[in-house]
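**Student:** generate coordinates for the sequence data below:
(2 chains)
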Amino acid sequence: MTTTAVAEHIDSFREKFTRITEEVGRRIVGHEEIVSATVTALLAGGHVLLEGIPGVGKTSLVHTLADVLHLKFSRIQFTPDLMPADIVGTNVVQEHAHGGMFFEFQQGPIFANVVLADEINRATPKTQSALLEAMQDVSVSVGKTTYKLEQPFLVLATQNPIEMEGTYPLPEAQLDRFFFKLKVKYPSEASMHEIIERTTSPMTTAVTRVLDGPEILEMRKVSRAVPIAKPMQSYAIRLTLASHPDSPYATPLVKRYVRFGASPRAAQALVLASKIHALTRGNAFVSVDDIRAVALPALRHRVLLNFEGEAEQINPDTIVAELLSTVATEQ
Amino acid sequence: MTPAEQHDFTRAILTSVAHADQERRGRTAVRQLARFAPIAAGFVLIVAALGKWLGWQPLLPLGVLAILAAGLAAFVLIARRARAATDATAARIDADAQLGGELRSAHWFAAQADHSPWPTFHLQRAAARVGSVSWRNVYPPVRANRAWAFTALLGIAAVTLTLKVPTAQPARATNAADTLAAAAAKAGIELPPDVAKRLQELLANADAGKLLPQDAKKLAELNDILKKLDPNASPDLAELMKKLQAAADAAKDAKTGDDLAKAAGTEEEFKAAMDDLASKLGEKPGEGKPDDAAKASPNASEDQFGKSQAQSKTGQQGKVQMSMQLVKEAQAEQNDAQPMMQGGAQGGDSAAGKGNGNQLSKKGAGDLLKAETLKRELVEASADTKGQNITKEDLRRKTEQGKSTLSFTHAAAQTTVDRSKAAPPPPVPDSRKALVQSYFIRKQ
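**Tutor:** Next up is the predicted model:
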């Protein structure tokens, strides 16, 4: 590969990324940051937890993204009686044409490229755990057989932050497997006008498929090739370490309100996401600004509050913001 | 891309960072120099003025000026010298030039031997971008014309003052007389104008080295007068006394001349003024009038101890002895001074001062004795040692302390816990219930 090819890769990546976000934006009003972060997670090979009150367009966003990306899409509505086999699939007895019975594996809805796990916290921990292997290893095990899932594989889970009755909070191990946690905010007044006009008129907004699976995989390769200088990597690591109360980099808020900080997966997410962020800006290097831009969605769900933090209703975003303002960019 | 080309990019990045770092440090140094140079020049001017005042060698202010100038120049040179640029340096330069982290990242990759396409492309782009940066615009020259002008002005003034302006001797004599007057005013004495004038002339003569033998005598008298003032009241006065003593010693060896006869004609007049000043200094409120103190002391002594003055002279208390000795000395001094006061030319003024001084000194000596006695009583009371107020040691208390033992005469009965009577834990307030519950039912 020559430097010219590198320049072409960067331009191509930037152009495709912009096309995806623009196409999604044709149907989804506002939420540009959410769309951009979701595509970033997809290109990094991660999964996204979308949190927001009902009706702000979480599910519509995932639907639109699947349409735009020309990927196989499936939706799982999580309920308390949902079983793991309902997600991963099960062996069913089949009959040979020439007689005789045999077990045949029936794939569950997890066998798709984009899986929408709607209201994921309504299922029992047992069912939630069925996603663990799929999210981490992109495979599912049924009985003695392990089935690989098709790449690209993206789980987009949604949850409601208000309604807590009859819910099962995601365990830390599950939370840590989400690349980003995105908070879908209530739309602004101008966005509301746009939403009403688009959804209450006879005209429906159709989106075109701008990207397919192989192109996404190619973009993943490009994003991983972006070099990162050691000082920037050190900054990402220091940010991660600073979220631990026992760390020498720990901030006062972390020391007081945090029970356990971000895992090494957080540092991986910071670096990978910052590489993609750099490419979207047309850069072949990672800067401190790139890391800071992706720190909040990468760290907020990995900071576990202690009892005092829960009682004081401390927002993890506040802690991450303090980390960003306190941790030195130079060593 | 060939390795040679990559080497060029690498060198361009490193050179740019080193150059920018030198510019940045030089600019910071010049800015600091502009801040401190006027202060240094002002300091030199002060040194020059002091040197002129105190008659120092002209070389001293010029030497200070040269040392400070050399120090500041060395500071700028050291600040601007080439150094190895660190990542922190590159980060600062990157931020100053608003390069969005490209220079910092490229600087790190330039120091590595990575020839893969991506870092090479990164270095190539960074070199091109850094090459277009005008470091002169990023680090513009420090504009501190006012500071430089002010520094030059102060420096020229210091040099002019040192080399051109003659030493101001009369001013020093006036200052010496003023010091004496200030010290006297602090002691509650107002010098008569003619005495102050004569003192000023005498001090001017002493400074100019034109003292006559009779001046030495006058100076000795003046020195005696000054000794009556509290030397601690003014450090300048103590210094002045030392110098006067030295001048008086020097004047003893002076040759006689026509001035001697002239000075002799006014000696009686000056002596009278000196005597008057001496009488006033002797009536200082702080020291008290000696004869009145002597009158007050026997009464105070008898009131406090019920003993005679003779007994107190041979007493065991050193401090009381000291006080009495002071009183005695003051009395003797008063006996010597009294005829002089009566026969003085300014007897009217002296008499008035004496009357006031009597009352003040009587009160002062009494207070002194009372204070000493009270202090002694306080010390004895706190020490409880055998003395005038305690005839024998308090053996009883010491014995009790020595034989005291610790023992228990009562022990609490063994308690049994009745759990039914145990108080329940305080209920969780309603306002906190939701928070406590939310802790056990986690939310994301």
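
**Student:** can you list contacts of the one helix or strand in chain A whose mean pLDDT sits lowest?
**Tutor:** When the helices and strands of chain A are compared on mean pLDDT, DSSP states H and E, helix A:189-199 comes out lowest with a mean of 82. Contact with helix A:189-199 is made by A:Arg27, A:Val29, A:Gly30, A:Gly57, A:Pro187, A:Thr205, as judged by CB atoms under 8 Å, 6 or more residues apart in numbering or on different chains. C-beta here means a position set from N, CA and C on the backbone, and glycine is covered the same way.

**Student:** just give me the closest of the residues you listed to chain B.
**Tutor:** Nearest to chain B, judged by CB to the nearest CB, of those is A:Gly57 at 19.4 Å.

**Student:** confirm that A:Lys275 sits in a strand.
**Tutor:** No: per DSSP: H, G, I helix; E, B strand; the rest coil, A:Lys275 lies outside any strand segment and is helix.

**Student:** any chance you could map the helices in the stretch 1-150 of chain A?
**Tutor:** A:3-27, A:32-44, A:58-69, A:84-88, A:125-137 (DSSP state H, counting those that start in this stretch).

**Student:** reformat these into TSV and put mean pLDDT and mean neighbour count next to each item.
**Tutor:** TSV is the format used below for the helices of the stretch 1-150 of chain A (pLDDT from 0 to 100; neighbours: other CB atoms under 10 Å in any protein chain shown):
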stretch	mean pLDDT	mean neighbour count
helix A:3-27	88	17
helix A:32-44	90	23
helix A:58-69	84	22
helix A:84-88	89	20
helix A:125-137	84	18
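
**Student:** next, give me the two most distant ones among the contacts of helix A:189-199.
**Tutor:** A:Pro187 and A:Thr205 (16.1 Å; CB to CB).

**Student:** just to revisit the earlier point, among the helices of the stretch 1-150 of chain A, which comes closest to chain B?
**Tutor:** The nearest among the helices of the stretch 1-150 of chain A, by CB to the nearest CB, is helix A:3-27 at 4.1 Å.

**Student:** tell me what the closest one is packed against?
**Tutor:** helix A:32-44, helix A:58-69, helix A:213-225, helix A:264-280, helix B:117-131 (3 or more CB pairs under 8 Å, 6 or more residues apart in numbering or on different chains; DSSP states H and E).

**Student:** packing partners of the longest one?
**Tutor:** If contacts are counted by 3+ CB pairs under 8 Å, 6+ apart, helix A:264-280 sits against helix A:3-27, helix A:32-44, helix A:213-225, helix A:230-242, helix A:288-299.

**Student:** could the helices and strands packed on helix A:3-27 go into a markdown table alongside distance to A:Tyr235?
**Tutor:** Formatted as a markdown table, the helices and strands packed on helix A:3-27 follow (distance: least, CB to CB, whole Å):
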| stretch | distance to A:Tyr235 |
| --- | --- |
| helix A:32-44 | 18 |
| helix A:58-69 | 31 |
| helix A:213-225 | 19 |
| helix A:264-280 | 9 |
| helix B:117-131 | 18 |
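
**Student:** give me every residue in chain B lying close to chain A.
**Tutor:** B:1, B:87-88, B:91, B:100-102, B:104-106, B:108-109, B:114, B:116-122, B:124-126, B:432, B:435-436, B:438-439, B:441-444 (CB under 8 Å from any CB of the partner chain).

**Student:** buried among those? Make that a PyMOL selection.
**Tutor:** This is the PyMOL syntax for the buried subset of the residues of chain B next to chain A, where burial follows 16 or more other CB atoms under 10 Å in any protein chain shown:
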select buried, chain B and resi 1+87+91+100+101+102+104+105+106+108+109+117+118+119+120+121+122+124+125+126+439+442+443+444
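
**Student:** quick one: buried residues of stretch A:141-153?
**Tutor:** Buried residues in stretch A:141-153 (16+ other CB under 10 Å): A:Val142, A:Tyr147, A:Leu149, A:Pro152, A:Phe153.

**Student:** revised request: answer the last question for stretch A:172-191.
**Tutor:** A:174-184, A:187, A:191.

**Student:** hang on, the earlier thing: can you add distance to B:Asp21 and give the helices of the stretch 1-150 of chain A back as CSV?
**Tutor:** Output for the helices of the stretch 1-150 of chain A, formatted as CSV (distance: least, CB to CB, whole Å):
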stretch, distance to B:Asp21
helix A:3-27, 27
helix A:32-44, 35
helix A:58-69, 47
helix A:84-88, 58
helix A:125-137, 46
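
**Student:** nearest to A:Leu116, out of the ones you listed?
**Tutor:** So among these, helix A:58-69 is nearest, using CB to CB, at 4.6 Å.

**Student:** contacts for the closest one, please.
**Tutor:** A:20, A:23-24, A:27-28, A:31, A:34-35, A:38-39, A:42, A:50, A:52, A:73, A:75, A:113-114, A:116, A:118, A:156, A:158, A:184, A:207-213, A:216.

**Student:** do that again at 6 Å, thanks
**Tutor:** Helix A:58-69 has contacts (CB atoms under 6 Å, 6 or more residues apart in numbering or on different chains) with A:20, A:23-24, A:27-28, A:50, A:52, A:73, A:114, A:116, A:156, A:158, A:184, A:207, A:210-211.

**Student:** for A:Phe105, grab the count of nearby residues.
**Tutor:** 15 (other CB atoms under 10 Å in any protein chain shown).

**Student:** kindly report the same for A:Pro297.
**Tutor:** 26.

**Student:** likewise for A:Leu270?
**Tutor:** Counted with other CB under 10 Å, A:Leu270 comes out at 26.

**Student:** so what's the residue lying closest to it once chain neighbours are set aside up against?
**Tutor:** In space, and not counting its chain neighbours, A:Leu270 is closest to A:Ala236: 4.2 Å by CB to CB, 6 or more residues apart in numbering or on different chains. Shown in contact with A:Ala236 (CB under 6 Å, 6+ apart): A:Ala267, A:Leu270, A:Val271, A:Ile291.

**Student:** so what's the closest residue to chain A within the stretch 151-300 of chain B up against?
**Tutor:** Chain A sits closest to B:Thr151 of the stretch 151-300 of chain B, with a gap of 35.5 Å, by CB to the nearest CB. Residues in contact with B:Thr151 (CB under 6 Å, 6+ apart) are B:Ala37, B:Pro38, B:Ala41.

**Student:** could you dump those to TSV with pLDDT and secondary structure?
**Tutor:** Putting the contacts of B:Thr151 into TSV (pLDDT from 0 to 100; DSSP: H, G, I helix; E, B strand; the rest coil) gives the following:
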residue	pLDDT	secondary structure
B:Ala37	87	helix
B:Pro38	88	helix
B:Ala41	87	helix
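
**Student:** so what pLDDT did whatever residue of the stretch 151-300 of chain A ends up closest to chain B get?
**Tutor:** The stretch 151-300 of chain A approaches chain B most closely through A:Ser287 (2.6 Å), counting by CB to the nearest CB. Note on A:Ser287: pLDDT of 92.

**Student:** neighbours around it, how many?
**Tutor:** Neighbours around A:Ser287, by other CB under 10 Å: 26.

**Student:** would you check that it makes contact with B:Gly101?
**Tutor:** Yes: between A:Ser287 and B:Gly101 a contact is recorded at 2.6 Å, counting by CB atoms under 6 Å.

**Student:** list the contacts for B:Ala144?
**Tutor:** B:Ala34 are the contacts of B:Ala144 under CB under 6 Å, 6+ apart.
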